[in-house]
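> pasting the structure only:
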């Protein structure tokens, strides 16, 4: 058998080996390049997240000016830019922050308040009259009551006798309750009467299904009245009615904002809602409002009427509310404000009324009012409590409540991220 010897075989082998080595080296170079690019991109995104958090810190500071809203601001320590949008969404502050650089863009939105107090359960002003107690009454936090103290009362066939168990929790009331920050009320009034064309966008009609991101302008629909039956509305949606908004139990609302003269929720409704009314908000029996919902009743028009009307929030039986409830009067006292709770009512959050609150049920938060006015099917009792639990501690750790009062710079807490 004759073996053929290839001329220059060693050279061919050397060339092949060189090619293989070149391919391997090229692969290493490409891999190293992509690795460097990946590391740089990751570092850029990490830095952008830090810039995003810087935007939130800026929005929470006392140095944030409204005229800087929705304006890109270049950060001094890197090449990132941030834009901040801050506005009132019901009782809470809605903060949206955008951050961008040459290659990436991030966005984050949240509803913000401040940390709930674990100590104060109930605070009413000094009325020089004792508080009558009936039914099952329990205090699990400090209650600021008139100096006249507490007494046993007989209401709806029940009384209360264990006064000594409550006295360790009682402190003397102030002469007046703290007033709501005028800036907060001014923002409420603006939301009721004006459109902000920097943040709002009018749409012609209300579709049955609408989920609108907080990254865009608020989708606003204006009508004389709304009758919401089976619509599904989510997030950055605002309905404004000059008269009444009626919400059926089959309607699905998630974080939307309702603004009207009067708002009515039908029996069995469940959802997350922020409602602002000039006259009243009424819920029928067995309604449930998820955290963080908020109700505000305030009429900043200051119109004077011959007869002082009663305005406020009126709950049916067995309702549950998680969030914040506010009824505030004007300095002219053009109306009487009340929050009226009912049997088996449950609140997780804070409640404030510049006039009256009718208290029945379980209250996991802080209640502040000028005085209490108990309404039952048979009578009306001033300065009386019936079947109440006051417990500000159970949910205080993770509960964000609205920034209602003017004072030192608060520690913000996010109620919900979107």
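Right, received. Where do you want to start? Not measured: the values here are computed from a predicted model.

> Which residue ranges of the stretch 101-250 of the chain form helices?
Listed in chain order, the helices of the stretch 101-250 of the chain (DSSP state H, counting those that start in this stretch) span 182-193.

> residue ranges with poor pLDDT in it?
For the stretch 101-250 of the chain, no stretch is flagged by pLDDT under 70.

> Enumerate every residue touching residue 325.
Residue 325 is in contact with 294-295, 313, 339, 347, 349-352, counting by C-beta atoms under 8 Å, 6 or more residues apart in numbering. C-beta coordinates here come from the backbone N, C-alpha and C atoms, glycine included.

> Quickly list what it is bridged to.
Beta-bridge partners for residue 325, by DSSP bridges, are residue 295, residue 351.

> Please read off the pLDDT at it from the model.
pLDDT recorded at residue 325 is 97.

> Residue 332 now?
Reported pLDDT for residue 332: 69.

> likewise residue 44?
We have a pLDDT of 67 for residue 44.

> again, but for residue 6
Looking at residue 6, the pLDDT reads 53.

> which ones are touching residue 285?
Neighbours of residue 285 in contact, by C-beta under 8 Å, 6+ apart: 267-268, 316-319.

> quick one: which of the contacts of residue 325 is most hemmed in?
residue 294 (30 neighbours; other C-beta atoms under 10 Å).

> From the centre of this structure outward, give me the first residue you hit.
residue 92 (4.1 Å; C-alpha atoms, centre = their mean).

> Hmm, residue 87 is touching residue 94, no?
Yes - in this structure, residue 87 is within contact of residue 94 by C-beta atoms under 8 Å, at 5.4 Å.

> Name the residue in those two with the higher neighbour count.
The neighbour count for residue 87 versus residue 94, taken as other C-beta under 10 Å, is higher for residue 94 (23 against 18).

> Is it correct that residue 17 falls within a helix?
Yes - membership of residue 17 in a helix is supported by DSSP: H, G, I helix; E, B strand; the rest coil.

> per-residue pLDDT, it?
At residue 17, the pLDDT value in this model is 80.

> Tell me how many other residues surround it.
Each residue near residue 17 was counted by other C-beta under 10 Å, and the total is 10.

> so who does residue 237 touch?
So residue 237 contacts 210, 212, 218-219, 221, 256-257 (C-beta under 8 Å, 6+ apart).

> mind redoing it with 10 Å?
Contacts for residue 237 (C-beta atoms under 10 Å, 6 or more residues apart in numbering) come out as 203, 206, 210-212, 218-221, 231, 253-258.

> next one: residue 233
Residue 233 touches 206-212, 219, 221, 239, 251-256, 258, 271, 273, counting by C-beta under 10 Å, 6+ apart.

> Tell me the bridge partners for it.
Beta-bridge pairing of residue 233 under DSSP bridges involves residue 210, residue 253.

> The residue nearest to residue 169 when sequence neighbours are not counted and residue 119, how far apart?
In space, not counting the residues next to it along the chain, residue 169 is nearest to residue 139; the distance is 4.0 Å by C-beta to C-beta, 6 or more residues apart in numbering. Distance of residue 139 to residue 119, computed by C-beta to C-beta, to the nearest Å: 12 Å.

> Name the residues contacting each of the two.
With C-beta under 10 Å, 6+ apart as the test, residue 139 and residue 119 both reach residue 392.
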